[in-house]
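S.K.: Okay, structure incoming, though there's no sequence with it:
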């Protein structure tokens, strides 16, 4: 389910058919829905850990990671809204093949892809940070 490995190569974004772009955008939506569930789990884990830990350093670390995960959640919701609008526009463009704004649409499509790639990288980093904070306590038998 790793988008980064299956990213279209070459000039696909500039020259791929609109139907292929639609399918790719649906794939993005599916990926982000997975990440939304993953973030919900991470927030739950962070909340549970926050109530278990007592060390000041760990509280600070878990608070910082928790804030990052909350930001990722907001970013995910915003990206899902953008994708929803993007899919609606794509459906319109596919039906009206004479649309003059296809070039700007493709530019928007590329920007959306870049934002999704950045979101995925941020989310993975924050997940790793949360696990590191929790792992430290588990390994130190403080948990």
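M.R.: Here it is on my side, so go on. Note that the structure is predicted; figures quoted are calculated from it, not measured. Numbers count the residues shown, from 1 in each chain.
S.K.: helices or strands next to the helix or strand of the chain with the lowest mean pLDDT in the packing?
M.R.: Using mean pLDDT, DSSP states H and E, helix 12-15 stands out as the lowest-scoring helix or strand of the chain, at a mean of 72. The helices and strands touching helix 12-15, judged by 3 or more CB pairs under 8 Å, 6 or more residues apart in numbering; DSSP states H and E, are helix 102-139. All C-beta spots, glycine's among them, are computed from the backbone N, C-alpha and C.
S.K.: any idea how far the helix it packs on is from the chain center?
M.R.: Centroid separation between helix 102-139 and its chain, computed with CA atoms, centre = their mean, to the nearest Å, is 5 Å.
S.K.: cool, and stretch 66-77?
M.R.: 9 Å.
S.K.: residues making contact with it?
M.R.: With CB atoms under 8 Å, 6 or more residues apart in numbering as the test, stretch 66-77 has contacts from 32, 35-36, 39-40, 42-43, 46-47, 50, 119, 122-123, 126, 129-130.
S.K.: Just among those residues, which is most surrounded?
M.R.: residue 35 (25 neighbours; other CB atoms under 10 Å).
S.K.: so where's this structure shaky on pLDDT?
M.R.: Along the chain, the parts satisfying pLDDT under 70 run over 1-10, 54-57, 97-100, 137-143.
S.K.: Determine the longest helix present in the protein.
M.R.: helix 56-95 (DSSP state H).
S.K.: buried sites along it?
M.R.: Within helix 56-95, the residues scored as buried using 16 or more other CB atoms under 10 Å are 58, 61-62, 65-66, 68-69, 72-73, 75-76, 79, 82-83, 86-87, 89-90, 93.
S.K.: picking up where we left off before, could you list every helix and strand in contact with whatever helix or strand comes next after the least confident helix or strand of the chain?
M.R.: Using DSSP states H and E, the helix or strand that follows helix 12-15 in sequence is helix 18-52. Packed against helix 18-52 by the contact rule (3+ CB pairs under 8 Å, 6+ apart) you find helix 56-95, helix 102-139.
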